[in-house]
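1. coords please:
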Amino acid sequence: MKGNILTVMKKELKRLLGDKRIVINAVLLPGVLIYVMYSFMGGALAGMFAPDAVPPQIAAVHMPASVAQMFDAAAFSYTDLKATDAAEIASIKSQIAAKEFELLLVFPADFDTLVNEFDIRSTTTTAPNIAVFYNSADTNSSQIYAQVFSMLDAYEATLANKFDVNGGEEVYNLASDKDRSGQMFASLMPLLLTILLFSGCMAIAPESIAGEKERGTLSTLLVTPLRRSELALGKIFAVTIVGTLSAISSTIGTISSLPQLTGGATDGLPLFYTTGDYLLLGVVILSTVLLFVSLMSILSAFAKSIKEAQTYMTPLMIVVTLAGITGMFGEAMERPLAYLIPVYNSVQCMSAIFSFEAVQLHVVITLVSNLVYCGALVFVLTKMFNSEKVMFSR
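-> As a prediction, the model looks like this:
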C-alpha cells in the first residue's frame, strides 16, 4: 500500500512539475506578484506620509509664544498676520478653498493669558477657541491639518482641557460640496470600476475562445475562408460590446448604491458631474474594456480549456487590482509619460475625472496608447490563430 502511494505521488509530481505552465502560474507567479504588490503599496504609503519637498503654507493670527515653540520644534514655518488684516485673512481663506494655501490658524488675543486664567469648573465662561481653517479635499491641507490638530490636542491634554480647537459654530472646513463630492468618488470609484470591468470581461472572454477550443468548434471556424485577423477582431469586438454593457450596468449600480455603501458618509452631497465628464469616463472605460478583452483573448487562445484560461487570468487580476489601488493614493499623476502605462493610465484618468481635474492631454494619451496596445495584441492573437500548435493543442 505504501509503495502504491509513493508511485502515484511520484507520477503526479512528475506530471505537475513537468508542466511549465503549472510551475509558472502556481509556483513562481504568486510569490513574484505578492512581492511586487506589497512593495508597491509600501512605497505608495510611504510617499503619502513622507514630508513634502515644499514646506506647507501656514498663516496664523495672534500666534502665542507657547504654540510658536511647538511649531519651531516641528519645523513648521508660518506667516504671522494681524487681526486687523481682514482683507488678507479673507484672501487666505479663499486660497485654502481653491487648494492654493494649506492652513490658517486664528488664536484669541492674549491666548496664553486666557488659558492660564480659565477655570474649567466655571459655568459662566467658555474656554478659548482656536479656529483652524483647512480644506479636506486637498491632500496637503488635510495632512498638515491632521498634524497640527494632533499637536494642539496633545498640548490641550497637558492643560486639562483649558482651550478648544474648532469648537465654535463657524465653518472651518473650507472645501466646497463639489470638492468633497469629488474627493469621495475619486477615492472609491476607480478601484471599484477597474475590478468590475475586469470581472465582467473575465466572465465572458474565456468562453469566446477557450470555450470553443475546448468544445472543438473553433477548429471548424479556422478551416473556413474567413481571415484569421477578421476572426480575432470579430471575437474581440463582440466580447467588448458585452463587457461594456456589463460595465455600464455595474457603474450605474455602483453610483446609485454609493450613499448606502459609505454608510451615509456622503452627507447628502449632490453629483456635480456634467455630460462632458460622463463622456470622458465612457471613452476611458471603453478603451479599458477593449484592452482587457484583448489581453484575455491572448490568454484564452493559449489555454486548452476555460478553467485553464481563468487560471491564467488570476495573476492578471492581481495586477489590475494593484493598479486600481493607486487611485486611492492622493491626487492623479501629473507626468504625461505615466499615462503610457496600461491599466494604470485608465485608473489615473478615472481618478482625475471624478475629482474634476481631468487633463485632456492625459486622456488622449491614455486612449491612443490603449488602442495601440490593443492593435498589437490583436496582431499577436492573429499569429496565434495561424499557429496549428497553439490552436489545436488539446
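2. separation between the spatially most central residue of the chain and residue 347?
-> Nearest to the mean C-alpha position of the chain, by CA atoms, centre = their mean, lies residue 327 at 1.7 Å. With distances taken as CB to CB, to the nearest Å, residue 327 is found 5 Å from residue 347. For every residue, glycine as well, the C-beta is placed using N, CA and C.
3. go on, residue 253?
-> Distance from residue 253 to residue 347, by CB to CB: 20 Å.
4. so these two - more neighbours on which side?
-> More crowded of residue 253 and residue 347, by other CB atoms under 10 Å: residue 347, with 27 against 11.
5. next up, the contacts around that one.
-> 190-191, 194, 323-324, 326-327 (CB atoms under 8 Å, 6 or more residues apart in numbering).
6. quick one: buried ones out of the residues you listed?
-> 190-191, 194, 323-324, 326-327 (16 or more other CB atoms under 10 Å).
7. the residue nearest to residue 65 when sequence neighbours are not counted: neighbour count?
-> Spatial nearest neighbour of residue 65, excluding adjacent residues (CB to CB, 6 or more residues apart in numbering): residue 112 at 6.4 Å. Counted by other CB under 10 Å, the residues lying close to residue 112 total 15.
8. residues in contact with residue 112?
-> When contacts are counted by CB under 8 Å, 6+ apart, residue 112 touches 64-66.
9. specify which member of the buried ones among the contacts of residue 347 is nearest to residue 380.
-> residue 323 (21.2 Å; CB to CB).
10. residue 280 versus residue 96, what's the distance?
-> As judged by CB to CB, residue 96 and residue 280 stand 28 Å apart.
11. neighbour-wise, which of those two wins?
-> residue 96 (23 against 20).
12. touching the helix or strand hosting that one from outside, list them.
-> Taking DSSP states H and E as the criterion, residue 96 maps to helix 86-97. Contacts of helix 86-97 with the rest of the structure, by CB under 8 Å, 6+ apart, involve 59, 61, 81, 101-104, 106, 133-135, 138, 141, 174-176.
13. buried ones among the residues you listed?
-> Buried members of the contacts of helix 86-97, counted by 16+ other CB under 10 Å: 59, 61, 81, 101-104, 106, 133-135, 138, 141, 174-175.
14. between the two ends of stretch 113-128, how far is it?
-> By CA to CA, to the nearest Å, the extent of stretch 113-128 from end to end equals 10 Å.
15. from the chain's centre, how far out does it sit?
-> 46 Å (CA atoms, centre = their mean, to the nearest Å).
16. one more: stretch 237-248?
-> With CA atoms, centre = their mean as the basis, stretch 237-248 stands 23 Å off its chain's centre.
17. now stretch 291-304
-> Using CA atoms, centre = their mean, the offset of stretch 291-304 from its chain centre is 25 Å.
18. what pLDDT does residue 325 get?
-> Residue 325 carries a pLDDT value of 85.
19. which parts of the chain are strands?
-> Along the chain, the stretches classed as strands by DSSP state E are 58-61, 79-81, 103-106, 129-133, 164-165.
20. got CSV for those strands, with mean pLDDT and distance to residue 119 too?
-> Listed next are the strands of the chain as CSV, based on pLDDT from 0 to 100; distance: least, CB to CB, whole Å:
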stretch, mean pLDDT, distance to residue 119
strand 58-61, 92, 25
strand 79-81, 89, 30
strand 103-106, 93, 24
strand 129-133, 92, 16
strand 164-165, 86, 15
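21. can you list those in CSV and add distance to residue 207?
-> Formatted as CSV, the strands of the chain follow (distance: least, CB to CB, whole Å):
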stretch, distance to residue 207
strand 58-61, 58
strand 79-81, 63
strand 103-106, 55
strand 129-133, 56
strand 164-165, 59
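22. and residue 302, which of those strands is closest to it?
-> Between those, strand 103-106 lies closest to residue 302; by CB to CB that is 54.9 Å.
23. rewinding a little: need the overlap of contacts for residue 327 and residue 347.
-> In contact with both residue 327 and residue 347: 190-191, 194, using CB under 8 Å, 6+ apart.
24. so where's this structure uncertain?
-> Applying pLDDT under 70 to the chain flags the ranges 1-13, 15-17, 19-53, 216-223, 251, 254-271, 329-332, 388-394.
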